[in-house]
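# for reference, the sequence and a predicted model appear below.
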Amino acid sequence: MKTYKLVGEIELPIPLNEAWDFFSNPNNLGKIMPSNMAFKVIEGATLPLYEGQIIQYSVTPLPAFKTTWISEINHINKPHFFVDTQLEGPYKLWHHKHFLEATPNGTKITDVVHYQVPFGILGRLLHPLIIKPKLNKIFEYRTQQIKALF
């Protein structure tokens, strides 16, 4: 099974603790996701982030394809990183590492995602045509929204 990697990085003019408070709050995901994805937290996001936390979302990654996404928070080193893994959702594997690092100008946020696509050979054929471009657009949109917020 082929594993793909996606890396995103942005530096914000805010202190590390402020960046942590925003990015570690699952309820803020809806603020940075494209509206056509109809992203909504269903449950599990009422407490501060903790290891073992299960968070359930509703999302429409492609038109007419609404699905439930369930993530588990696997590792936390506040305020420097946290890791979430998809337990159920549109990908065969989704492992997302969020790194936050204080810089002289604020905070650098780095996302590292390892993922596998579903549907075997068909998924691998669709990856360069649909899946990867869609993920790139989502992360570009997130970057624009984050810059607008901060």
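Great, that's in hand.

# can we go C-alpha only for contacts and neighbour counts from here?
Noted.

# pick out the residue nearest the middle of this structure.
Nearest to the geometric centre of the chain sits His96, at 6.4 Å (CA atoms, centre = their mean).

# that one reaches Thr110, doesn't it?
No. Applying CA atoms under 8 Å as the test, His96 and Thr110 come out as separate, 10.3 Å apart.

# wait, is Pro61 part of a strand?
Yes. According to DSSP: H, G, I helix; E, B strand; the rest coil, Pro61 belongs to a strand.

# how close does it sit to Asn36?
Distance of Pro61 to Asn36, given as CA to CA, to the nearest Å: 8 Å.

# these two - which one has more neighbours?
Neighbour count, other CA atoms under 10 Å: between Pro61 and Asn36, Pro61 has more, with 19 against 11.

# chain neighbours aside, what residue packs nearest to that one?
Met37 (5.5 Å; CA to CA, 6 or more residues apart in numbering).
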